[in-house]
Every structure is written in C-alpha cells, then in structure tokens.
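[1] A predicted structure for the sequence below; I have some questions about it.
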Amino acid sequence: MVKNKGKISVRQALTLFAILTITPTVRFAASSTALIAKQAAWLVPTVTAVFLFLMLYILNILLQGYKNKSFTEMIYDITSKFWGNLIIFLYLVWITILIAFYLRFYSERLVTSIYPNVKIDIFTISMLILIGFIIRNGIVVIARMGEISFILISIVILVLMIFMIPTIKINNLLPISYLDIMPTLKASFSGAALFYVIYLFFFAHEFTHQEEFFKYGKLTLLFIWLINTVIILASIGNLGHAIISRSPLSFLIAVKQVTLLGVVSGFESILVATWIISDFIMILVLTYSVLNIIKSLFKLSSYNSFINIFLVFLFFISWILANNVFELQTLSVDVVVSGNIIMQFILPIIIVVIALIRKKINIKTN
Amino acid sequence: MIRTITLTLFVFILYVATGLETLVGGRMDISDAFYIATVGLDKEDDEIQMTIVTKQYSPKEETSQIAKQDKYFVSVGRDVFEAARNFNSFMDKETFWGHVSYILVSENLAQKDIDSALDFFVRDHEHKLTSNVLVIKDARAEEAIKLVTDSGEDITTKLKVLSKGVGALSISSELPLIDAFNKINNKYCSCYIPTLKIVEDQKDEPEEETKEASNTENEKTDEKTKRLVLEGYVFFDQDDAKLLCSIEGGTARGFNFIINKIKSGVIVVKDPDGEYVNLEIIDSKTEIIPKIEDDKITVKLKTKMNSNISEIHGEVDIFKADIIEGLVNQQNDIIKAEMQSVIGLVKEYNSDLFDLSSVINHKYPKKWDKIKDNWREVFKDIKFEIEVESKINRTYSIKKPALSREKEKK
C-alpha cells in the first residue's frame, strides 16, 4: 500500500482518458464525420477503433518496456538529450495550446448554448480557479473525481440515448454502399485525433498495475467506440446528416428535440452540465501532464510554484487563440485535428520504432 | 485551509465591491416573464410583423379566470429578430421563447421568405426545435390569432385540439420546425408545410318574417361565424424555397396516403341501390417502389389499406361477397384518384413533392450518385403507376341495415 501511495492504477488512468474523449466527441464527432461520410458517419467510429487498437498495442509495447517511467524519461532514454529536449518541448507547447483551446471552447459553448450575454471571462476564470485548487491535491484526487464523473457522464448519455431512440429515423442512417468506404476512411481521421492517451503517459511513473494496460485499454476503446457510435447515431438518426454537419453543437441540438411523454423537455441543460464536468476533468488532466513535463524539462523537485503562473498564462493563451468562435472552429478543423494526429500517432510511432531499432525495448516485453 | 478561507474572502470582497451585481445574467423570475406560446409572422410592406400570444404562469393560474388571460402583442421590424426584440420596447415583462408551440406564417410571407422566416427560430438558443410550423392560407397570421384570442379562447390550446383532431380526416398533419428546416435544406425534394385557414360558416337564409327580427342579432354574432380550420398543405420549390402550390381536401388526403400520414378518415361509397355506405379508414401503408431499366425510371406507388363499415344508409344487405367486392373496388378508385391528383401536381410543377429522391437514393445509391446533380431533369421523365389494394374488414355492433328485416318479410 505504502509503495503505491500517491499513485493511480492503470484502470483509473484509462478512465480519465475515456472522459477526455467525451468533450470533443459531444462537440464535434457527429458534425465532422457527417460532413464527410454523410449518412454513413455512424460507421466511422468502427473504422477509427481499428486504428486506435493498433496504436494501443504500440503504446503498450512502450509502456511495458519502461515500467514506472514517465514519457519524458522514456524519450530521454530512447533519443539523445538534444532531440529529447526538442520533442518534450514540442509536447509542452502543443498540450498547452490544446488546454487553452479547450478552455476557450468550454466558455464559448456556455455562451452559445445558454448565456449569450455573459462575458466568457467569467466562465474561464472560474474554471481556472477551480483547477488551481484541485490540481494541488495530486493525481489520486483527480483520478477519484474521474471515476465518479465517468459513472455520472455514462448514465446521462445512456439516459439521453434511451429518450432519443423513438425519434431516430432509420432512413437518415441509410443507404450504406461501397461508395461510402472512402468517405468513412477519410472521416475516421478526425475521430483518431481524440486518442489522448499519450498525453497521460507524461505521468505514467505514477501508474500502478501497468501490465494491465492493454486489458483495460481494450475496454476503454470499447467504451469510446460505443459513445462515439451512439452519439453519431442519435444525432444523424434524428436530424439527418445535412443539418448535423452544419451545426457547431450537433449533439446538443439533437438533444434539444427530446421530449418525454410529450411534456417534459429541456434535457439539453443536463447535457451541458455533464459537458462542463468532462471539460473540467479534461483541462485538469492535461494541465497535470504539462506540469509534469515542466517538472521533468527543468529538473524541478516540485511543480507547485508553477501552477498559478501556468494558469494565468493559459487564460491569456485562450484569448490569443481566436478572435471569435468562428476562428476557433476553423482552428479546430484545420490545425488541432492535424496537430493531434502528429503528436498522438506519428511522433509516438517514431519514438517506438527508434526504441526497437536501438533495442531499448522489444516486442516480447509485451 | 488558510488558502481556501483567503480565496473565499477575496471572491466575497470582489463581489460586494461590484455592488452585488449579478455576474451571470440571463436569470429570469417566473413572475417577471411572458411565456410566448404561439407566434404569428406577417409581411408588412418590406418589414416583418410579429404577433405573439403569451401565457402567464403564476400560482393563480389554476383558476379559470387567470388561465383565460392570454394576451397578444404586435411588433414590427426589418426582420424576425428585430421584430422580436422590439417587443422589449413596450412590454412590461421580459419575453421567454422556450415555450413556443406554434409558429404561424402568413401565405404572403411564405411566398418568398419561408427560409428566412424560420431561420431565427432554428438558430436562436432559446427556442425549442419541436415547435410546429403552419402556413396561414389567404389570411394574415395576426387575423387568425385575433379571431381566436378575441373570442376568449387560447389559440395554442385551439391549435393543439385541431392538430389532434386532424387525424380523423387525414387531410393535414403536424410538422415540427426542425423537419420543416431540414426539408428546406434538402435541394432534391420540395418542402411541405401544413396549412391553416379561416373559413366562414354557411348560414341558412332565414324566413322572411324572422329575417328582420334576427338582423340585429346576426350583426352582433357576425365575427363568430369565422373559424380556424387545419386543412391541406403548401409546397415550396426545392431550388429556391419559393411557394409552389397548395392542396386541400381529397388531394391533401392523397398526399397523406403517399407519405404514410394517414391516421383515419371517411370514404363514402354506394351500395347497389345507390345508397351511401360510409367506410372508416383503419390503416394504410404506401410503398414507393422505384425501378430503373435502361436509364428510365418508373415508380410504383403501392398502397395497402384497411377500412371498416361505419354507417349504412340503404336497405340492401351488403354483407355478401360480390357486393363487398364492389364496395372495395369503389374504395380503391377513390384512393387512386386522390393519389393521382398529387401525381398530377408533381408533373405540373416538375417537383419532387414526396421525397422520391430519398427512396431512389436508398434503393439505388450508385445510380443516385450519378443522377443527383441532374435530378430535376431526370425527374420530369419519371413514369408513375398507382396500385391500391384495399380491404373492408368488418362492421361494428350491428350487421344488417335497420330496414333490411322488413324488406325480407315483403
């Protein structure tokens, strides 16, 4: 017990990863896939899951080869000091941009969906204050919050789905033919951009039971596939791909349609509340990753003194990113998806290949 | 702990220092809001006139007197949003749009601007997408609202009752806002919206001696002879969303047969003596079956329908195989004629009124991919065929007509 004090299990870490995918999934999974794959968009998560499974396998090789080591330690060991610093610095910059991006999107979403006349600073600052408080308690508290949030979010999405079933029109989800193969493959690119698990590797030294990574990873993938599929099915099945591909908050407008017994409506407020929880966990976890990178990069014993500075820095970056929500949406489609693919797939694969060539790890370790 | 207390104090001081201003606006007291239930849109020269009917919720709402206090307000603006905002310049309460159940658009406005008339209601965050859309035919939306509200009735309740009852005749239906918007967005098929019209009740010509006496009374009740009727549809062009045509009566029911929106209805046929037999539609299902051969498209509309005998006027015992068959044939012909009148419109306007494009896309996705860009050209060469298979299944509590026994004695 003492040995594992201050650490979280791999299962808890993967639960956090599952929550990390909720926010972008609810926001843009349906609209981005519907834009390319149209009525066949609900098949995209299945194609994406195949890629993610392969990536999970590759990351498992890395993790099993470097037990109780963070991703920064792995990079330093696999590459040289210069390249290591460069790669870690790239991750530092990218994850910081990503947090600022999600911070801004969280505030913009509240203003777009519920509070149009409120300054977004209020939401941004209140989120940052909360993050500043919680993050000092360490990863164990974050993981426990994640577990509770995971159950809550899953129940909400499941209940909303049940309410939406009667209004799903099968015609909106068909036809499926060989003409949909290429669009589905293309659309799976944006879905793969949600594979944030590598960002959690920056505190992999705080994981226990690392040998169970692949086992729980598969279960997490199953959850992500299910959530993605049902969200796209419900959105397109209800409103058709034409409307969904045009909406910046596609799942939200699908939920807005839900009425229970023809009387009770307004379920979108429950979705927005759930969304805020997943936003909070996402920003919290990614901030924790960045602080760990800073700690490793600058060889610090603790990152506590950096927390406030970093959060203030995040506030300004979130403002600099875009002038308005339209720029933010363009940034999401044109930059963030591609950036995530590079940082989550291409760079880790290169690192693993180098590690295999330099015999730092081997496939048998798995 | 010290840090928590310090921060809480700091936030509290900040809050007090701002004069206890509400940081997050948008909060509205129930008693300070007008809940809009029905919206009417008219074209007023180059501007939009908006009429709103509100229902005030309060603890006293349960009393019938308060419940009848529906109010309507009129505002004008360059567009729908401006007209909506202009209410705030004279209304003594804030408007809340989240409870809008019906959006009534006048035919005049719908002629050219149905897309922009509905845009605000789909785009704005406060609106629900399940509100029903109706086009007021040959009248202004304000007139329809005034007609009902001035008579002390609640227009929203009235429209709900009409919508519920429309299934008994199946000559119209309900269309949620999001479905209307989805259809307007679809460039391959025409958008339809149910219509509401104001009709004047026919009055019998009074006897000479009573004419004079009733004159004064008639003048007083003249306004009450008008009523709202939910009947028929208007169609909008698939290219530019301009009003294309309207249908009602049998044609509207024919359209409902094709799009499978038949709930019930009455079909009147004649027995061998020429007396009426009323049939009640129980259910109906139409299959749209496209066939592509040598690049030529033929579409078969195959309708299967069941009915029951609900009223017999004559004396003949109609429950014999040959007579029933005759009634079924008449029933088939009536349904076929109603559906054929819709096909006539389809050909006349060369417009896909019942979303045939979607049926072809589902059955022949590969072929559809090739013809979709040229759909309207392809559409005009499509041949339609109607096939109706109906059944008369039963009658209810009694079988033979009332007078048939006496006839047997003779």
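    Noted; the coordinates are in hand. As the structure is a prediction and not an experimental result, all values here were calculated from the model. Residues are numbered from 1 along each chain as shown, chains lettered A, B, ... in the order given.

[2] quick one, strands of the stretch 301-410 of chain B?
    All strands of the stretch 301-410 of chain B, identified by DSSP state E, counting those that start in this stretch, fall at B:383-395.

[3] can you list the residues of it near chain A?
    Residues of the stretch 301-410 of chain B found near chain A (Cβ under 8 Å from any Cβ of the partner chain) are B:358, B:361, B:362, B:363, B:365, B:366, B:369. Using the backbone N, CA and C atoms, a C-beta is placed for each residue, glycine as well.

[4] residue contacts, the first one?
    Applying Cβ atoms under 8 Å, 6 or more residues apart in numbering or on different chains to residue B:358 gives the contacts A:171, B:188, B:189.

[5] could you rerun that using 7 Å?
    Contact partners of residue B:358, counting by Cβ atoms under 7 Å, 6 or more residues apart in numbering or on different chains, are A:171, B:189.

[6] may I see the ChimeraX selection of the buried members of the residues of the stretch 301-410 of chain B next to chain A?
    In ChimeraX, a selection of the buried entries from these looks like this (16 or more other Cβ atoms under 10 Å in any protein chain shown):
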select /B:358,361,362,365
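
[7] same list, the residues of the stretch 301-410 of chain B next to chain A, but as a markdown table with distance to residue B:348 and pLDDT please.
    What follows is these, written out as a markdown table (distance: Cβ to Cβ, whole Å; pLDDT from 0 to 100):
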| residue | distance to residue B:348 | pLDDT |
| --- | --- | --- |
| B:358 | 22 | 92 |
| B:361 | 24 | 92 |
| B:362 | 26 | 91 |
| B:363 | 26 | 93 |
| B:365 | 29 | 91 |
| B:366 | 31 | 90 |
| B:369 | 28 | 90 |
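
[8] most widely separated two among the residues of the stretch 301-410 of chain B next to chain A?
    Greatest spatial distance in these: B:358 and B:366, 15.5 Å, computed using Cβ to Cβ.

[9] all strands of the stretch 151-300 of chain A, in order?
    In the stretch 151-300 of chain A, the segments counted as strands under DSSP E, counting those that start in this stretch are A:207-208.

[10] how about the residues of it by chain B?
    Counting by Cβ under 7 Å from any Cβ of the partner chain, the stretch 151-300 of chain A comes close to chain B at A:171, A:174-175, A:177, A:179, A:239-240, A:242-243, A:253, A:256-257, A:259, A:265.

[11] for the residues you listed, pick the one with the most neighbours.
    Within those, residue A:239 tops the neighbour count with 28 neighbours, counted by other Cβ atoms under 10 Å in any protein chain shown.

[12] so what's the nearest residue to it once chain neighbours are set aside up against?
    Distances taken as Cβ to Cβ, 6 or more residues apart in numbering or on different chains place residue A:254 nearest to residue A:239, at 5.8 Å, with adjacent residues excluded. Each residue near residue A:254 by Cβ under 7 Å, 6+ apart is listed here: A:164, A:234, A:235, A:238, A:239.

[13] ok, now how distant is residue A:254 from residue B:289?
    31 Å (Cβ to Cβ, to the nearest Å).

[14] how far off centre is stretch B:100-109?
    Centroid separation for stretch B:100-109 versus its chain: 11 Å, with Cα atoms, centre = their mean, to the nearest Å.

[15] that stretch: end-to-end distance?
    Terminal residues of stretch B:100-109 are spaced 19 Å apart (Cα to Cα, to the nearest Å).

[16] quick check: mean pLDDT across it?
    If you average the pLDDT over stretch B:100-109, you get 94.

[17] report the buried residues of stretch B:140-152.
    Neighbour counts over stretch B:140-152 (16+ other Cβ under 10 Å) mark B:140, B:141, B:142, B:143, B:144, B:145, B:146, B:147, B:148, B:149 as buried.

[18] residue B:246: how many residues sit nearby?
    Using other Cβ under 10 Å, residue B:246 has 21 neighbouring residues.

[19] so it sits against residue B:137, correct?
    Yes - Residue B:246 lies in contact with residue B:137 (Cβ atoms under 7 Å); the separation is 6.4 Å.

[20] hey, what's in contact with both of the two?
    By Cβ under 7 Å, 6+ apart, the residues touching both residue B:246 and residue B:137 are residue B:195.

[21] before we move on, back to that, dump the residues of the stretch 151-300 of chain A next to chain B to CSV, plus pLDDT.
    Shown next, in CSV, are those (pLDDT from 0 to 100):
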residue, pLDDT
A:171, 89
A:174, 89
A:175, 89
A:177, 88
A:179, 89
A:239, 88
A:240, 88
A:242, 86
A:243, 86
A:253, 84
A:256, 82
A:257, 80
A:259, 79
A:265, 75
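
[22] please flag which of those sit within helices.
    A:239, A:240, A:242, A:243, A:253, A:256 (DSSP state H).

[23] where does the chain dip in pLDDT?
    Using chain A. In the predicted model, chain A carries pLDDT under 70 at residues A:1-4, A:262, A:364-366.

[24] you answered for a different chain; I wanted chain B.
    Using pLDDT under 70, the flagged stretches of chain B are B:14-15, B:17-28, B:56-70, B:202-224, B:404-410.
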